[in-house]
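> predicted model and sequence follow; I will ask about them next.
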Amino acid sequence: MERDGLRETLDRLHAELEQSGPIDATLRSDLERALEEIREVVERAPEADEPHPLRERLEELAVRFEQSHPVLTDALGGVVRALAAMGI
């Protein structure tokens, strides 16, 4: 069930990203890389004790989006919470 929730949250983030208007190219690239990494991590179901920097990187991205795209910040926060629920 946690994976389904994460997938729904990622789908919402993608929709928000498409509707958000212009985003700095570097910031967009960083986010797209992080989202691809999330997909890979979720597909291979990491061990609970496997360290992974995804949450920290997503939190950093959320801070970078905070002023220019607050809706994306909320969506990124949802992804971070879903990853935390999965132990990532």
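Nice, thanks for sending it over.
> from the contact counts, what lies against the longest helix that the chain contains?
Taking DSSP state H as the criterion, the chain has its longest helix at helix 25-44. On a contact count with 3 or more Cβ pairs under 8 Å, 6 or more residues apart in numbering; DSSP states H and E, helix 25-44 meets helix 2-19, helix 54-65, helix 70-85. The C-beta positions use only the backbone N, C-alpha and C, and glycine is treated the same way.
> who does the longest one touch, helix- and strand-wise?
Packed against helix 2-19, as judged by 3+ Cβ pairs under 8 Å, 6+ apart, are the following elements: helix 25-44, helix 70-85.
> out of the ones you listed, flag the one nearest residue 55.
helix 70-85 (5.4 Å; Cβ to Cβ).
> still on that earlier bit, out of the helices and strands packed on helix 2-19, deepest packed?
helix 70-85 (a mean of 18; mean count of other Cβ atoms under 10 Å).
> per-residue confidence averaged over that helix?
The predicted model assigns helix 70-85 a mean pLDDT of 79.
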